[in-house]
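> need the 3D shape of this:
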Amino acid sequence: MSSTRDFIEKDYYAALGVPKDADAAAIKKAYRQLARELHPDKNPGNTQAETRFKEVSEAYDVLSDTKRRAEYDEARRLFGAGGFRPGAGTPGAGFPGGFPGGAGGTTFDFGDLLNGAGAGAGRAGGLGDLFGGLFGGAAGPGASARTRSQAASGPARGQDVETEATLAFDEAVLGVTVPLRMQSPGTCPTCAGTGAKPGTSPHTCPVCNGAGVTSRSQGAFAFSEPCRECRGTGSVVDDPCADCRGSGVTTQIRTITVRIPAGVKDGQRIRLPGKGAPGRRGGPAGDLFVVVHVSGHDLFGRSGEDLTLTVPISFAEAALGTTLTVPTLEGSVSLKVPAGTSSGRTFRVRGRGVHGKGHSGDLLVTVEVAVPTRLTPGAREAVEKLAAELPDDPRPEITAVLREGGSR
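This is a model prediction of the structure:
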């Protein structure tokens, strides 16, 4: 989940290599290409590729969500790509155009801005929501030490995780349960997430007294920031765990069983709530995003919710009519081909296509007359006799033009 600080400091458009006015399709296309190139499975041990993969995934999570993209664009418009740096020499420095009134003018009420008053009122909870993200949500500069401590050391949601799955054609159409083996951050089993060497335990940070944040004054304002001694956790580890190096988190390989719903398409991104990395300090798990790749099929194709199938038939079957037995992904069905059927005609078999929520597509069967490449003498004689017996010219309009010696 991106914070407001991320919104101001990170350029998600640059991360995906798309312009700021890119539409949803362009954003999705750029993400899919980068995700395939940077995926950890294709770059084992490459920390730089792993970092870029996380940046690209974070950028796509924001820009692919219409609401979050609007919030991101608004935050960047208000505070600029360089971030919010009040107090840098003069009141309002770092704020686009300066604070109202400027030096020597009307006193600027910073509290009104945080509370969403004035020009910011009515915008998604006012600018207070944006500043709340900068200072750790509810633990803004005016919050008590106890509130800031709870914000810094309370439950934290686990990270979102993305992986890929390749499905057979029929698995994508009908749905399947698959095991997914993935690497993701998890609670260190050696120290149970405390970050301390077994037999020891963290102690309260002496700098922030467990609050996780410290305050500093700059100009006319006081700002809260994460404590540098404990990195915002409120506690210090003197003897860190050797396995996680004091972070309480290690990269773990795990296998989970996931149900892929029927009807998924190639390139579709499926969100599985609560299947991502475990939360910290009792927080909820993140989400798992599965990018699906679907293999082709020897017989069947797909057009939206319908399946397609081409079936060769003989000239005799097309001329006289027949009943065909055609395969489906769930058995076989009988298909009546009437006499006089032309090559390329398509028949619809209801309900034998892609299964979706509460409905199913159809199977579209196209018949093509198979013409033999070689004829035995007896077969040639039979065809010649048949040609002599056939009644009408199959190309009357073309024959008429040729007789006139030109085109109409």
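> separation between the residue nearest to G353 when sequence neighbours are not counted and V173?
In space, and not counting its chain neighbours, G353 is closest to G361: 2.8 Å by Cβ to Cβ, 6 or more residues apart in numbering. Bear in mind the C-beta positions are built from the backbone N, C-alpha and C, glycine included. Using Cβ to Cβ, to the nearest Å, G361 is found at 9 Å from V173.
> between the two, what contacts are shared?
The contact sets of G361 and V173 overlap at L307, G353, V354, H355 (Cβ atoms under 8 Å, 6 or more residues apart in numbering).
> name the residues that touch the helix or strand where E384 lies?
Here E384 sits within helix 377-389, counting by DSSP states H and E. By Cβ under 8 Å, 6+ apart, the residues outside helix 377-389 that reach it are P372, L375.
> about what we covered before: as CSV, the shared contacts of G361 and V173 with distance to C205 and neighbour count would be great.
Converted to CSV, the shared contacts of G361 and V173 look like this (distance: Cβ to Cβ, whole Å; neighbours: other Cβ atoms under 10 Å):
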residue, distance to C205, neighbour count
L307, 62, 25
G353, 62, 26
V354, 57, 23
H355, 56, 19
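> ok, which stretches of the stretch 251-400 of the chain are helices?
Counting by DSSP state H, counting those that start in this stretch, the stretch 251-400 of the chain has helices at residues 315-320, 377-389, 396-404.
> how far away is G263 from H355?
Distance of G263 to H355, given as Cβ to Cβ: 6 Å.
> list the residues that contact both of the two?
Common contacts of G263 and H355 (Cβ under 8 Å, 6+ apart): V173, G175.
> looking at this, D73 is in a strand?
No: read with DSSP: H, G, I helix; E, B strand; the rest coil, D73 is helix and lies in no strand.
> check what pLDDT it gets.
Here, the pLDDT recorded for D73 equals 85.
> burial of it, as a residue count?
By the measure other Cβ atoms under 10 Å, the count of residues near D73 is 16.
> same thing with I260?
So I260, with other Cβ under 10 Å, has 21 neighbours.
> you'd agree it is up against H293?
No: if you go by Cβ atoms under 8 Å, I260 and H293 don't touch, sitting 11.5 Å apart.
> overlap in contacts, those two.
Listed as contacting both I260 and H293 by Cβ under 8 Å, 6+ apart are A165, L167.
> residue boundaries of the helices in the stretch 101-250 of the chain?
Secondary structure of the stretch 101-250 of the chain by DSSP H, counting those that start in this stretch: the helices cover 110-114, 127-134, 145-153, 169-174.
> hmm, who's touching stretch 244-259?
165, 175-191, 193-196, 237, 240-241, 243, 272, 275, 280, 288, 290.
> and the residues you listed, which of them are in strands?
Here DSSP state E is the test, and these give 165, 176-187, 272, 288, 290 as lying in strands.
> can you say which of these are buried?
Buried members of the ones in strands among the contacts of stretch 244-259, scored by 16 or more other Cβ atoms under 10 Å, are A165, V176, L180, M182, S184, P185, G186, T187, L272, L288, V290.
> for the residues you listed, which one is nearest T373?
Nearest to T373 among these is V176, at 40.6 Å by Cβ to Cβ.
> surely the closest one touches A165?
No: contact criterion Cβ under 8 Å: V176 and A165 do not qualify, at 9.4 Å.
> what touches both of the two?
Here V176 and A165 share the contacting residues I260, scored by Cβ under 8 Å, 6+ apart.
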